[in-house]
Structure formats: C-alpha cells, structure tokens
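how would this look folded up:
(chains A, B, C and D)
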There are 2 protein chains.
Amino acid sequence: MKGKATSFDIAHYAGVSQSTVSRALRGSPLVNEETRRRVVEVARKLNYKVDKNASNLRAQQSSTLAVLLFEDPTSDESQINPFFLSMLGSITRACAKAGYDLLVSFQSSSNDWHADYAESHRADGIILLGYGDYMDYQSKFERLLESDTKFVCWGANVEGRPELTVSCDNSRGGALVAEHLIELGRTDCAFIGDTSHHSPEFSARFNGFAERLKTHGAHVSERKIATAISTEESGYQATKSLLANNIKFNALFGASDLIAIGAIRALQEAGLRVPHDVSVVGFDDLAVARFCTPPLSTVQQNTTLAGQMLVANLLNLIAKQEVDVASSVLPPQLIVRQSSK
Amino acid sequence: MKGKATSFDIAHYAGVSQSTVSRALRGSPLVNEETRRRVVEVARKLNYKVDKNASNLRAQQSSTLAVLLFEDPTSDESQINPFFLSMLGSITRACAKAGYDLLVSFQSSSNDWHADYAESHRADGIILLGYGDYMDYQSKFERLLESDTKFVCWGANVEGRPELTVSCDNSRGGALVAEHLIELGRTDCAFIGDTSHHSPEFSARFNGFAERLKTHGAHVSERKIATAISTEESGYQATKSLLANNIKFNALFGASDLIAIGAIRALQEAGLRVPHDVSVVGFDDLAVARFCTPPLSTVQQNTTLAGQMLVANLLNLIAKQEVDVASSVLPPQLIVRQSSK
DNA sequence: TCCCCGTCTGACACCGGTGTCATAATGTCG
DNA sequence: CGACATTATGACACCGGTGTCAGACGGGGA
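Residues are numbered from 1 along each chain as shown, chains lettered A, B, ... in the order given. Next comes the predicted model:
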C-alpha cells in the first residue's frame, strides 16, 4: 500500500461502495450491522483515518476552536502571564471533552489580528483571551461581528452583546478584599493597578473595592493609587514610586498577583514587614501565590470553570442556542494567606 | 452577498477565471501585474479568505503542527506543569514565525493517544512534550515511525533516531549542581527525584550529579535518595519521609523546581533553615523559583531555545532536510539564588 | 507573409470525503 | 398475486480550492 489509505481502498477490500464505507464509519443507521463490522475491520487493518480536510470541506465545519491570546504589549517577551496559561489549560480540556480540536495563537495587541481562523474555515469559533486595551478591542469586535464570526471573550465586554463575555465578578472580588481588610482594621489602603477605562477588569476591581470601603467610612486617597500593568516588575516600580513620595499606608491591594508580588518586593526592600506593617492582597490566585514570601492572600478566579464556560458558551453560539448570560459571571473567592494576617 | 465569498465570486467580479484568481492571490508569476491588482482589490472588498480546508485537501499539507502534552498521570487535574506551559509558549511563537498554525492537545499517558492528527491530515507533524514513562513511550514511538508520521519529542530518546529528540543536557546540569555544592563545601547530599530508567531525564540529572561528586571524593548514599514525581506535593512527601527516618544531609538536589519547592517546605516544617542548615537546588528555573522563600537556586533550561529547536527540527524533518543532532542538546545554566548561598 | 516563441489566461480533472436520490431486494398486507 | 412500505446499497453531484494542459494573443525574425 503506497501512501495513505482512502475510503475507496476500504470500499474495495470490503467489497462495498465508497458511500457505504463513509456511512458505516460514521455510524449511520442506514447500514447493515454485518456490513459495518466488515468495513470497520478492514479500516482498522489498513490503519485508515478519515481525512479531516476532505471531511471539513464537504461538511462546512471544522470541529475546531481557536484561542487568541493577547499579551500585554509591554510584558516580557518570553514569559506569558501564568493566569492565562492556566486558563488555556482548562480550555484545552473542555475542548477535548466536547470533541473539538484547539488551535492556539499568541497575538501582540499592537499588530493586526491574524483572526482569520474563522473566515478561512480553520475554526468554527474563536476564544479571545487577554487583559487588553478596552477601547482598542471594540473596533476589532465590530469587525468580528460584521463577518458573522462566532466568538466569545474573557473579561472585556462587547457592547450590547453580553452573551459573548465570560468574566469574573471583579467588582465583587474587590469588595471581598475591602471587607477582609476592614475586618483586620487595615483601612488605610493603597491600590496598585489601573483605575481607567483602559482596563475594565482592573478598574472594576478597584471600584468594588473602593465602594465597599466607603460604606464602612473609609476611602482610598487619590495619592495612594499607582498605575501598573500586570507584571511583577511593574508592580514593583509602582510601589516604589509611592514609597519614594513618602506615602504611608497599612494595606495594599494589587490588581493582580504579579503586581502584588512586585509590591511585596518593593515593601520589603524599603524595610517594611508584610503583613506586620502592610497587609497585601492580590488577585488571581496564581500557583505562585502559595509559594511567595509571605504566602499571598488573593482573590481566586476559578480558571477551570471559566474555561468550561467559555467553551460551552461558544459552542452554544455556534449551534445558535441560547446562552445563559447570568451564569457567565463567575463568583470570586477570597483566599487568605499570611500576607494579610 | 449571502454566505462567504468563494474564488468564483472573485472571478466573476474581477472579470477573470477562477484559476486566475487562485494564481493571482498566491503570487504566481504567471499572472499579469495589472490583473493581479484587480483581483486582489476585489478580494479585499468582498473580504475573501482562502478556504483552508479546500486548499489543504488539494495541496495535501496543512501548514499546521500539533503539540501533544503528556501530563504526569498522578499530577493534579487542574494544574499543568509550568515548565511545559512555558515551552508551549515558545513553541507557539516559533510556529507562528514559520507561518504554521498550532494545534494543542493534552493527553493523559494512561489513555491511548489521540495522535491521529497527522494520519487525518490535520497536522503535518507532531511535537511530543512531557516527562513520562520511558518504557511506555517506546512502543508509541514505534507506531508513529511505522505510520511514517513526522514527529519530534522533548527529553525522551527515540531508540536509534537521535534526530527526533531535543533535550537539555541533563547530565551536565546535574554536574553543575554538584560543582556548586562542592564549592560551598556541602557534599553530604540528598537527592529527590527518580534514578530509574522510567524517567530518563531525572536519572540523567542524578547520574551527572553523582559522577561529578565522585570525582571530588564525595558520593550520594543510597539512603539519601527518595523518589518523587515532578510535583510540589510529591517533593514534600519524599523529603518528609527522609527526615522521618532521621536521615541527615547538608544539601539537597531536587530533580525539578517543583520537587525542590516541596522539599523546602518539608525542611522548614522540620525546623531546618534553608540555606543555613541545608542548601537546596532545583532544576528548570520556573518563574516561581525567583519568588519562593528563599529564592531557589536552580538549573535553567532555556525553554525559548528549546521550543525553537523543536519546531525547527520538525520542519526540517517534514521537508526531509538534514537535522543537526549535535545542536539539539541544549546547554543548561546554573542560577544561584539564596537557597544555596 | 509565415512561423515560432513568450506571456497570459481559461477549461478541466482532481483532492477525499458527505449528502441526496434512485434502485434493488425483501417483507407485508389486502 | 399485485401494490406498497422498508431496508440496504450504489451512483453521482458537490464542497472550494490547486495544478496541468491547451490555446489565444502579440511581437520578432526569416
């Protein structure tokens, strides 16, 4: 046998037509059980595998999803945010469980997207993953909507289409942090992150945090807010700049774990003890959080569930089925460790 | 315009034949520059994208690679080894740079592989990633070789086919650790990992380590070796069992960072100070290593380079070009941090 | 003028499946 | 025994491109 076997080869050896082979192998009820057995047997012997390209072409669907991962443009080239990698893991699993393949692609937000996976029929739908510039996204979303591409995204909201988004209840997560710090009596808080509309997730965390503090008579002074993107280095620098300006606080909320870890480094370098002098809380619950010094209190986002929801919602979208919007906002959970005891 | 545009639509609007459209869009020198401009313009206007399924089917190649990630079967369901995720990142980038798409799939070693990506023409080649049971792999490798599937793998050697493997010089990495500990005067060493043939990478690290110690008159006592797989928990348990047996040592080499991190936890719980009482060194240089307490000395594997090599070698294999075996063994680098000062 | 050649284009078979339709074989009922 | 439903199968068009081949066209040389 030269080259790969085709369904015609199977048909030949099984003494049936090619049509019957196709039907038999896909479990059509139209074919006789005895015939099917014969076909399956021959196919196994010849190590026959259905050609996905031919099958996809004819069936006009690919049983494949694509993940587009947008990195923070300024983040380190080599290291990808562990939070998204963890998400990627659960998406992969959820995909496999649904019998779909998964294409993965990293994009830099600066570039134009290579988001033609759907248009070129390589994927039936697309999952968008990333913190990213909110304003920048909307125009891309419009292009996707226009070309009738099926997609869902994590975090960022698509205007007027809530069914396309799965996200953590960031605002509530911020509130949980506020409550925790209030219980500890640490209401003189700093915030490292981004309160602008450029980062809807970070600002939601901040707003939930600030509002809950306010209901307890505390508030976050403008001076105690420093801007950072989600890297350790950025968190470190932002915190250092606060300290350099001689700004005092007894608690610090980092908009992500990486930021909080960088903040801890800055605090410790300045001779401040965590949590004795400053309680620190992060957001994400990366695997690192357990291992840093001191172990980091944080708000856990359930990436397993998130990945499952993203896949499930996307598949519903593709099948033109109803998507449950309400359940796509995932509950955050406060994990208290030593950094805020 | 209903549905997606096809090359026939473009042909119609550009007033040429479908053949010419195909040629024009793929830059064939046969088509007149003026004609090409017209075709390209129409294609842009109609937002036309070549159908990959049709193209792949006809061309009998997919411009796609697949990564199969094998997890340690006993490892935690939700968390994937960060080392491989980091590798995945660099593979993705290398793929994109070469103009290939990337399919990602997680496999449990226990299950039969769904490695039919190549047979079903979904991918031109496969990258195998994972620590795994060496013996178990050889039979799978044979099956891949038999079906003439193009593949490369990380770490594990395919018998008699060195060109299919990219790996870190684990033995040399172990030797670097030995030298470092000798310099510190810490030659009473424990090893946590796996010295059996089941884990070729771990045992190579151990052998390189033990041999170098021997040339300096030291050696690793059998009693000071404990078996662990590459998880924090496993490293913790293995170390605890050593301590429970009242075994003393002033240095500990963990076969991976996760193991070393677990070991540190066990040591600290037992009241031993790191590095004052025991110097600890790991292997991998995960992002975590910098952040744990104390920051972990470790052997860095260059995952960026590794990913590039895997992709490059696989593409050479597919193109039936020579593969440079020698350069596929990557040099490890010792990173000294506080855990072994 | 005729022939040849280079340039450019169109017609057409083909990749390997899937879905539809026609039909043969068998059974069922009045 | 004929009309008709049921079951199982084969023939064939089709998905949307790619590669081959034949041919149209214009120019240059004899």
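
any weak-confidence spans in the stretch 101-250 of chain A?
Within the stretch 101-250 of chain A, the segments meeting pLDDT under 70 span A:108-115, A:132-135.

in what helix or strand does the closest residue to residue A:137 other than its chain neighbours lie?
Nearest residue to residue A:137, sequence neighbours excluded (CB to CB, 6 or more residues apart in numbering or on different chains): residue A:156, at 5.2 Å. Placement of C-beta: from N, CA and C, glycine included. For residue A:156, there is no enclosing helix or strand under DSSP states H and E.

neighbours around residue A:156, how many?
Residue crowding around residue A:156 was assessed by other CB atoms under 10 Å in any protein chain shown; the count is 22.

I'd assumed residue A:136 was in contact with it.
No - counting by CB atoms under 8 Å, residue A:156 stays clear of residue A:136, with 9.8 Å between them.

ramachandran angles for the residue nearest to residue A:137?
Dihedral pair for residue A:156: phi -60, psi 140, per degrees, to the nearest 10.

residue A:192: which element?
strand A:189-193.

and that strand, what other elements does it pack with?
Strand A:189-193 sits against helix A:200-215, strand A:225-227, helix A:232-244, strand A:251-254, helix A:257-269, with contacts defined as 3 or more CB pairs under 8 Å, 6 or more residues apart in numbering or on different chains; DSSP states H and E.

save the ones you listed as CSV, and put in distance to residue B:301 and mean neighbour count too.
Formatted as CSV, the helices and strands packed on strand A:189-193 follow (distance: least, CB to CB, whole Å; neighbours: other CB atoms under 10 Å in any protein chain shown):
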stretch, distance to residue B:301, mean neighbour count
helix A:200-215, 33, 21
strand A:225-227, 35, 21
helix A:232-244, 21, 21
strand A:251-254, 29, 31
helix A:257-269, 22, 25
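
so can I have a markdown table of those showing distance to residue A:167?
Output for the helices and strands packed on strand A:189-193, formatted as a markdown table (distance: least, CB to CB, whole Å):
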| stretch | distance to residue A:167 |
| --- | --- |
| helix A:200-215 | 7 |
| strand A:225-227 | 22 |
| helix A:232-244 | 22 |
| strand A:251-254 | 19 |
| helix A:257-269 | 17 |
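
these: which one's closest to residue A:279?
Closest of the helices and strands packed on strand A:189-193 to residue A:279 is strand A:251-254, at 4.5 Å (criterion: CB to CB).

and that closest one, how far out from the chain's middle?
24 Å (CA atoms, centre = their mean, to the nearest Å).

that one - what's its average pLDDT?
Averaged over strand A:251-254, pLDDT sits at 97.

direction included, what does it pair against?
Sheet pairing of strand A:251-254 (DSSP bridges) gives strand A:189-193 (parallel), strand A:279-281 (parallel).

residues making contact with that strand?
With contacts defined as CB atoms under 8 Å, 6 or more residues apart in numbering or on different chains, strand A:251-254 is touched by A:174, A:177, A:181, A:184, A:186-193, A:205, A:209, A:228, A:235, A:239, A:260-263, A:267, A:278-283, A:340.

I'd guessed residue A:172 sits against residue A:334; true?
No - counting by CB under 8 Å, residue A:172 does not reach residue A:334; the two are 10.1 Å apart.

contact partners for the closest residue to DNA strand D within the stretch 101-250 of chain A?
Closest approach between the stretch 101-250 of chain A and DNA strand D, counting by CB to the nearest atom of the strand: residue A:121, at 7.5 Å. By CB under 8 Å, 6+ apart, the contact list for residue A:121 reads A:56, A:57, A:60, A:62, B:4, B:51, B:52, B:53.

by neighbour count, which of those residues wins?
Within the contacts of residue A:121, most neighbours by other CB under 10 Å means residue A:62, with 26 neighbours.

in a strand, that residue, correct?
No - going by DSSP: H, G, I helix; E, B strand; the rest coil, the assignment for residue A:62 is coil, not a strand.

can stretch A:44-52 be found next to DNA strand D?
No - figure legend: stretch A:44-52 not in contact with DNA strand D (CB under 7 Å from any atom of the strand); closest approach 10.9 Å.

buried set for that stretch?
A:46, A:48, A:49, A:50, A:51, A:52 (16 or more other CB atoms under 10 Å in any protein chain shown).

report whether it contacts chain B.
Yes - contact of stretch A:44-52 with chain B (CB under 8 Å from any CB of the partner chain) involves A:47, A:49, A:50, A:51, A:52.

among these, which lie within helices?
The members of the residues of stretch A:44-52 next to chain B that map onto helices under DSSP state H are residue A:52.

ok, back up a step: out of the strands paired with strand A:251-254, which gets nearest to residue A:322?
Among the strands paired with strand A:251-254, strand A:189-193 comes nearest to residue A:322, with 35.0 Å by CB to CB.

quickly list what residue A:107 is bridged to.
Here residue A:107 sits in beta bridges with residue A:70, going by DSSP bridges.

tally of neighbours for it?
Look at residue A:107: counted by other CB under 10 Å, it has 19 neighbours.

which among the contacts of residue A:121 are in contact with DNA strand C?
residue A:57.

residue A:226 reaches residue A:192, doesn't it?
Yes - at 5.1 Å, residue A:226 counts as touching residue A:192 under the criterion of CB under 8 Å.

who touches both of these two?
Residues within reach of residue A:226 and of residue A:192 at once, by CB under 8 Å, 6+ apart, are A:238, A:239, A:242.

give the contact list for the last one.
Residues near residue A:242 by CB under 8 Å, 6+ apart: A:190, A:192, A:224, A:226, A:249.

just give me the closest of those to chain B.
Chain B lies nearest to residue A:192 out of these, by CB to the nearest CB, at 16.7 Å.

so that closest one sits right up against residue A:255, yeah?
Yes - shown here, residue A:192 and residue A:255 form a contact pair, counting by CB under 8 Å, at 6.4 Å.

what residues are shared contacts of those two?
Here residue A:192 and residue A:255 share the contacting residues residue A:228, scored by CB under 8 Å, 6+ apart.

could the C-alpha coordinates of stretch A:163-182 be exported in CSV?
Backbone C-alpha positions of stretch A:163-182 (Å, rounded to 0.1, in the frame of the first residue of the first chain) are rendered in CSV as follows:
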residue,chain,number,x,y,z
GLU,A,163,-23.7,36.8,25.8
LEU,A,164,-20.3,37.0,24.2
THR,A,165,-18.5,37.5,27.5
VAL,A,166,-17.5,35.3,30.4
SER,A,167,-15.8,37.1,33.3
CYS,A,168,-15.2,37.0,36.9
ASP,A,169,-17.2,39.3,39.1
ASN,A,170,-14.3,41.7,39.5
SER,A,171,-16.3,44.2,41.4
ARG,A,172,-17.4,41.7,44.0
GLY,A,173,-13.8,40.4,44.2
GLY,A,174,-12.7,43.9,45.0
ALA,A,175,-15.4,44.2,47.7
LEU,A,176,-14.2,40.9,49.3
VAL,A,177,-10.8,42.4,49.6
ALA,A,178,-12.2,45.5,51.2
GLU,A,179,-14.2,43.5,53.7
HIS,A,180,-11.2,41.4,54.6
LEU,A,181,-9.1,44.5,55.2
ILE,A,182,-11.8,46.2,57.2
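
no further queries at this time; thank you.
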